[in-house]
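K.L.:
quick one, what's the 3D model for this:
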Amino acid sequence: MDRPSFSSRRAFLRLTTVVGAGLLAAPLLSACGAGSPATTAASSTAAKSAATSAAASASGGATPAPTAIPVKAGQTLIEFWSSFDPNSQNKTGITAIMQMINDFQAKNDKIVVQNIHVDYSNQLADKLLTAIAAGEPPNSYYADRFLTATWAHKGIFTDLTPLNSKAGISADQYLPFAWAEATWQGKQWVLPFDTDIRMLYINNQAAQQAGMDLTKPPQTTQDLMDWTEKMTKADAQGNIQQLGYWPTIGNCFHEIWCKNFGGEFYDEKADTCTANTQPNVDAFTYMQTYAKRWGQTNVDTFMGSQPKQTNQTYFYTGKVASWVNGDWDLATIKQYVPDLQFTLTPIPSPNGPGSSMAGGWSLTVPKGAKHLDEGYSWVNYATGKEGLLTYCLGTAHIPTLKAVADDPKMRADPIHNKFFDQLPKAWNRPVTIEAQTLWNEMGTAQKNVMQQKMDPKPAMDQIVQHVNEQLKLDKSQ
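P.N.:
As a prediction, this is how the structure comes out:
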């Protein structure tokens, strides 16, 4: 999934500065979460079915306007703001989430959970900031885990440490990197949910038609370029008809290539961005090689002509013969294109099979939530053994809770096991209050390099300048 980018760093700072001031000044937005009477309605039977079938989709406005869900007297309505869209063509994620909600409510009849979809691209973070500033945050929130320090620093999340301690939740129960991402200044601000691994998928039919040997998939970045040359087709005018590979299509991007070229982009001990080191420049230079060979505009035109239906996704049809994507794609393939034949191999690096980023999500209770205990109850369930198993089996993700990752059901699929096998050498993004700024700047540099508006070195220098300037500014506030 694409990550959010705020319209500008200044706009983000203006809004979070206002929110931060409000958190310090308003008793309502305290870590303890002032209680309030439960939401009630006359209906005595509709709560569960409504929560199951009506995941409201929000758009526009300062805060979402969810479809009303009737609840019984004495029940509490918990809004769960997430990127799970009931109107999405791909139903794997929303189906799993709604099953989790049903299962939770079957065991907690005093709480009604309503999934409220907010578009993740820009809106989810912006709306949360606005809602907190207005004193009306949701009671639970689906958070991109690598941004935990960013949000905790801004005073957006509730410190879950005492609640976790009371619930018996501790670091040893989780994959270490996931717990580290959930922690800032020794406190836990979110509960880790899933993680994911990326591999190179190859469409067997497209590769075989190009004469490629699938028993010897690409191992190095040069191999990948060679395969791309042979699997890419263009007409007499140079218009792409089939694309062998592209370094930013699928779920692959700047940081993945930098790491596979041996780069680092942040010195956590020094708390300094180091994105302009030579391995990172080499990675961006490799990516730009594709743009110089085939042209980003040419590729954009080709991609814009592809069907939008899930079962007609360009990799599934072979129009893009290979892509780097996550394990969640296995669930989509199983549901929408079960006959697709494909080969999996680790992401290539200059010297052989490379490594994957381990991404993932989390759940938390925003600062100032009016139903802290009830919101945490849902968050704890969703990220616990039962909820997490339901979600990861339904969506082909990897659990961050060790007890679930070790469940035999999670290792029953030999294809998904290929992703599990990559986990020991996977890496995660740095824990920093400027995680969002670093992500935005890396994305801007990638765009400028792929469009050949900038050479890699000055693009990387610009990342370092902007991120470190923002770090200095944030530390001074």
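K.L.:
quick check: phi and psi at N139.
P.N.:
The phi/psi pair for N139 (degrees, to the nearest 10) reads phi -90, psi -10.
K.L.:
mind pulling up the pLDDT for it?
P.N.:
pLDDT recorded at N139 is 97.
K.L.:
report the spatially nearest residue to W81, omitting neighbours in sequence.
P.N.:
By the measure of C-beta to C-beta, 6 or more residues apart in numbering, the closest residue to W81 outside its immediate chain neighbours is P138, 4.5 Å from it. C-beta: built from backbone N, CA, C; applies to glycine.
K.L.:
report the secondary structure state of that neighbour.
P.N.:
Remark: P138 carries the secondary structure label coil [criterion: DSSP: H, G, I helix; E, B strand; the rest coil].
K.L.:
tell me who's in contact with it.
P.N.:
By C-beta atoms under 8 Å, 6 or more residues apart in numbering, the contact list for P138 reads 79-81, 116, 128, 131, 366, 369, 375.
K.L.:
so which of those is the most crowded?
P.N.:
When neighbours are taken as other C-beta atoms under 10 Å, the top entry among the contacts of P138 is G375 (29 neighbours).
K.L.:
contacting residues around it?
P.N.:
By C-beta under 8 Å, 6+ apart, the neighbours of G375 are 33, 78, 138-140, 365, 369.
K.L.:
give the contact list for G326.
P.N.:
By C-beta under 8 Å, 6+ apart, the contact set of G326 is 196-198, 251, 359.
K.L.:
coming back round to it: quick check, nearest of the contacts of P138 to R411?
P.N.:
The shortest gap between R411 and any of those belongs to F80, at 29.1 Å (C-beta to C-beta).
K.L.:
what score does I69 have for pLDDT?
P.N.:
Taking I69 on its own, its pLDDT is 81.
K.L.:
just to revisit the earlier point, for the residue nearest to W81, phi and psi?
P.N.:
Backbone torsions for P138, taken as degrees, to the nearest 10, come to phi -70, psi 170.
K.L.:
equivalent analysis for the one 4 residues further on, please.
P.N.:
According to degrees, to the nearest 10, the main-chain angles of Y142 amount to phi -100, psi 110.
K.L.:
closest to A180 out of the contacts of G326?
P.N.:
Of all these, A180 sits closest to G359, with 13.8 Å by C-beta to C-beta.
K.L.:
ok, the closest one touching F146?
P.N.:
Yes: with contact defined as C-beta atoms under 8 Å, G359 reaches F146; the gap is 7.1 Å.
K.L.:
anything in contact with each of these two?
P.N.:
In contact with both G359 and F146: 428-429, using C-beta under 8 Å, 6+ apart.
K.L.:
remind me which residues of the stretch 1-150 of the chain are low pLDDT?
P.N.:
For the stretch 1-150 of the chain, the stretches with pLDDT under 70 are 1-67, 121-123.
K.L.:
and with 80 instead?
P.N.:
Within the stretch 1-150 of the chain, the segments meeting pLDDT under 80 span 1-68, 120-125.
K.L.:
the helices in it, which residues?
P.N.:
9-25, 47-53, 92-107, 123-133, 148-153 (DSSP state H, counting those that start in this stretch).
K.L.:
the residue nearest to W81 and Q188: what is the separation?
P.N.:
Relative to Q188, P138 is positioned 19 Å away (criterion: C-beta to C-beta, to the nearest Å).
K.L.:
same check, this time on K385
P.N.:
18 Å.
K.L.:
name the residues of stretch 272-291 that are buried.
P.N.:
The neighbour-count check on stretch 272-291 (16 or more other C-beta atoms under 10 Å) flags 273-277, 279-288, 290-291 as buried.
K.L.:
now do stretch 420-432
P.N.:
Within stretch 420-432, the residues scored as buried using 16+ other C-beta under 10 Å are 422, 426, 428-432.
K.L.:
contacting residues around it?
P.N.:
Residues outside stretch 420-432 that contact it (C-beta under 8 Å, 6+ apart): 146, 148-150, 175, 177-178, 180-181, 183-184, 195, 197, 199, 255, 259, 265-266, 268, 271, 346, 355-359, 398, 405, 410-411, 435, 438, 471.
K.L.:
which of the contacts of P138 fall in strands?
P.N.:
Among the contacts of P138, the residues falling in strands (DSSP state E) are 79-81, 116.
K.L.:
who's more crowded, K385 and Q188?
P.N.:
Q188 (25 against 14).
K.L.:
which residues touch that one?
P.N.:
Contact partners of Q188, counting by C-beta under 8 Å, 6+ apart, are 159-161, 164, 179, 182.
K.L.:
let's see it at 10 Å
P.N.:
Neighbouring residues of Q188 by C-beta atoms under 10 Å, 6 or more residues apart in numbering: 148, 152, 157, 159-165, 169-171, 179, 182, 362, 364.
K.L.:
most neighbours among the contacts of G326, please name it.
P.N.:
Most surrounded of these: other C-beta under 10 Å gives R198, at 27 neighbours.
K.L.:
for that one, list each beta-bridge partner.
P.N.:
According to DSSP bridges, the residues that bridge with R198 are G326.
K.L.:
roughly how far does it sit from W427?
P.N.:
According to C-beta to C-beta, R198 and W427 sit 11 Å apart.
K.L.:
what is in contact with those two at once?
P.N.:
256, 355-358.
K.L.:
V299: which of the residues you listed is nearest?
P.N.:
Of all those, V299 sits closest to I256, with 18.3 Å by C-beta to C-beta.
K.L.:
what sits against the nearest residue to that closest one once chain neighbours are set aside?
P.N.:
Distances taken as C-beta to C-beta, 6+ apart place M357 nearest to I256, at 5.4 Å, with adjacent residues excluded. Applying C-beta under 10 Å, 6+ apart, we find M357 in contact with 146, 195-198, 251-253, 255-256, 259-260, 326, 347, 426-429.
K.L.:
at which residues are the strands of the stretch 351-477 of the chain located?
P.N.:
For the stretch 351-477 of the chain, the strands defined by DSSP state E, counting those that start in this stretch cover 352-353, 361-364, 398-399.
K.L.:
ok, which of those strands comes nearest P456?
P.N.:
Between those, strand 352-353 lies closest to P456; by C-beta to C-beta that is 22.8 Å.
K.L.:
domain ranges for the protein?
P.N.:
9-196+360-425, 198-357+434-476 (automatic domain parsing).
K.L.:
in helices, which of the buried residues of stretch 272-291 appear?
P.N.:
Members of the buried residues of stretch 272-291 lying in helices (criterion: DSSP state H): 279-288, 290-291.
K.L.:
any weak-confidence spans in the stretch 351-477 of the chain?
P.N.:
477.
K.L.:
quick check: the farthest pair among the contacts of G326?
P.N.:
Farthest-apart pair in the contacts of G326 is I197 and N251; separation 10.5 Å (C-beta to C-beta).
K.L.:
before we move on, back to that, from the contacts of M357, which land in helices?
P.N.:
255-256, 259-260.
K.L.:
quick one: those residues as a markdown table, columns for neighbour count and distance to V320 too.
P.N.:
Shown next, in a markdown table, are the ones in helices among the contacts of M357 (neighbours: other C-beta atoms under 10 Å; distance: C-beta to C-beta, whole Å):
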| residue | neighbour count | distance to V320 |
| --- | --- | --- |
| E255 | 24 | 21 |
| I256 | 21 | 17 |
| K259 | 23 | 23 |
| N260 | 24 | 20 |
